[in-house]
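> build me a model:
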Amino acid sequence: DFAPLAAGGRACIVANLPYNIGTPLLIGWLSAEPWPPFYESLTLMFQREVAERIVAAPGTDHYGRLAVLTGWRAVARIAFDVAPSAFVPPPKVTSSVVHIVPRPVPLACDRRTLERVTEAAFGQRRKMLRQSLKSLGVDALALLEAAGIEPTERAEQVPVEGFVALANALVALRAGQAPRQSVSPASS
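Below you'll find the model as predicted:
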């Protein structure tokens with residue numbers, strides 16, 4: 001628990017993390033409650049391909065769960081690359097420093113539900129959402145309609161706002177409420 005180290009103030013976390021625990025640490029910091037978190041920014045080094053997954057935009061090869069979860073709660077960018085020659089012994093991969101700033105007020109959404117929706121959607125990445133979201137245990141077509149997303153979309157085409165709409169619609173459907181029709185992610 002890093003929050004007590006900030007002693008009630010706002011911290012800047014700067015780290016060259018061991019690559020095998022970098023992603024779990026990032027997810028932990030992005031999952032911090034209450035939000036906004038105790039930190040002002042994260043400046044972290046990752047293997048280049050992980051950094052690309054953190055900052056990826058919809059429609060790109062690297063876009064996935066990590067980009068959605070990061071983009072929902074923060075703004076992330078690759079600050080610079082670090083060549084293997086900067087290390088002794090040199091690794092076989094290029095590293096990248098990623099700068100992440102928390103959004104003061106992310107879109108309203110239950111984090112755990114968003115994680116479940118992204119897991120289902122990206123778990124069968126090449127399938128249309130009408131198929132991949134069936135694992136959530138609700139009518140996938142009703143869920144997609146409530147979120148304003150076409151059933152033929154694939155996960156990598158849906159922006160962060162679309163996943164938030166899906167998570168909120170899932171909560172409403174499970175509560176037996178009529179979900180609110182959201183704005184189509186394409187028009188956001």
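> which element is the most centrally placed residue in the chain on?
Averaging the C-alpha coordinates of the chain gives a centre point, and the residue nearest to it by C-alpha atoms, centre = their mean is Leu69 (1.5 Å). Using DSSP states H and E, Leu69 maps to helix 65-73.
> what's that helix in contact with?
23, 26-27, 30, 35, 50, 53-57, 76, 100, 102-103, 106-107, 109, 114-115, 118-119, 122, 160, 163-164 (C-beta atoms under 8 Å, 6 or more residues apart in numbering). C-beta here means a position set from N, CA and C on the backbone, and glycine is covered the same way.
> can you give me the pLDDT of the residue nearest to the centre of the chain?
As predicted, Leu69 sits at a pLDDT of 96.
> separation between it and Asp110?
In this view, Leu69 and Asp110 are 13 Å apart by C-beta to C-beta, to the nearest Å.
> now do the shared contacts for the two.
With the criterion set as C-beta under 8 Å, 6+ apart, the contacts of Leu69 and Asp110 do not overlap.
> Lys134: neighbour count?
16 (other C-beta atoms under 10 Å).
> how about Thr94?
Using other C-beta under 10 Å, Thr94 has 14 neighbouring residues.
> same thing with Glu33?
Summarising burial for Glu33: neighbours were counted as other C-beta under 10 Å, giving 7.
> now do the SS call for it.
Reducing the assignment at Glu33 to three states with DSSP: H, G, I helix; E, B strand; the rest coil gives coil.
> kindly state the pLDDT recorded for it?
Reading off the model, Glu33 has pLDDT 87.
> output the longest helix belonging to this protein.
helix 160-174 (DSSP state H).
> which neighbouring elements make contact with that helix?
Taking 3 or more C-beta pairs under 8 Å, 6 or more residues apart in numbering; DSSP states H and E as the contact definition, the neighbouring helices and strands of helix 160-174 are helix 65-73, helix 111-123, helix 140-147.
> pick the most buried one from these.
Sort the helices and strands packed on helix 160-174 by mean neighbour count, taking mean count of other C-beta atoms under 10 Å, and helix 65-73 sits at the top with a mean of 22.
> and the angle from the next helix or strand after it to helix 65-73?
For helix 65-73, the succeeding helix or strand toward the C-terminus, using DSSP H and E, is strand 74-82. Computed with axes from the mean of the first three to the mean of the last three C-alpha atoms, to 10 degrees, the direction of strand 74-82 lies at 130 degrees from that of helix 65-73.
> quickly run through the sheet partners of the helix or strand following strand 74-82, with directions.
Helices and strands here follow DSSP H and E; after strand 74-82, the next one along the chain is strand 95-102. Using DSSP bridges, the strands paired with strand 95-102 in its sheet are strand 39-47 (antiparallel), strand 74-82 (antiparallel).
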